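K.L.:
build me a model:
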Amino acid sequence: MDKKHLTAPCGLACFICGTYEGNITEEWKKQVSTFLKIPVEETPCKGCRDEKGKCKFGVNNQCPTWDCVQEKGVTFCNECTDFPCEKLRPTKNGAEYPHNIKMYNLCRMKLIGIDNWIEEAGEIQGLYYSGKFEVGRGPVG
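P.N.:
Numbering: from 1, shown residues only. Alright, predicted model coming up:
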């Protein structure tokens, strides 16, 4: 598995996403199918790059960030001269969608490199979704 290829331009780790075809469970397929009102067999995702920005959760099933990265000719948003841009602003829906984790991931990639970030991506995502939050420290185990 090429984890760099399975990292979306916006910093999401497709390789640990529950909807990625290599990770999705039958139960999650049913839940996604119901939520998106699509057939169960259409729920698994191949990852942002292989899907060419087609996102079942996106506006009109296309990711505007993907389109922007293609237009700018960069691999990740953190390589863009406009980084960070409006597409990466925090949102109040951060607990429902993995949007707010993008900036942290992109900054870590820039600081320590993609290969080192890949090694810690699972821990980052685990803390994001299930860690306790302490003011001044952020998420803790």
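
K.L.:
and the strands in the protein?
P.N.:
With strands called from DSSP state E, the chain shows them at 132-134, 138-140.

K.L.:
looking at those, which is buried most?
P.N.:
Ranked by mean neighbour count, those are led by strand 138-140 with a mean of 12 (mean count of other CB atoms under 10 Å). Backbone N, C-alpha and C define where each C-beta goes, glycine included.

K.L.:
strands paired with it, and their directions?
P.N.:
Note on strand 138-140: by DSSP bridges, its sheet partners are strand 132-134 (antiparallel).

K.L.:
show me how far the partner strand is from its chain's centre.
P.N.:
21 Å (CA atoms, centre = their mean, to the nearest Å).

K.L.:
what's it in contact with?
P.N.:
Strand 132-134 is contacted by residues 139-141 when judged by CB atoms under 8 Å, 6 or more residues apart in numbering.

K.L.:
what's near enough to touch the closest residue to Cys107 other than its chain neighbours?
P.N.:
Computed as CB to CB, 6 or more residues apart in numbering, the closest residue to Cys107 that is not its neighbour in sequence is Asn78, at 7.0 Å. Contact partners of Asn78, counting by CB under 8 Å, 6+ apart, are 11, 106-107, 109-110.

K.L.:
ok, now with 7 Å
P.N.:
106, 109-110 (CB atoms under 7 Å, 6 or more residues apart in numbering).

K.L.:
could you do Gly18 as well?
P.N.:
Gly18 sits next to 24, 28 when contact means CB under 7 Å, 6+ apart.

K.L.:
got the phi and psi for it?
P.N.:
Main-chain dihedrals, Gly18, degrees, to the nearest 10: phi -70, psi -20.
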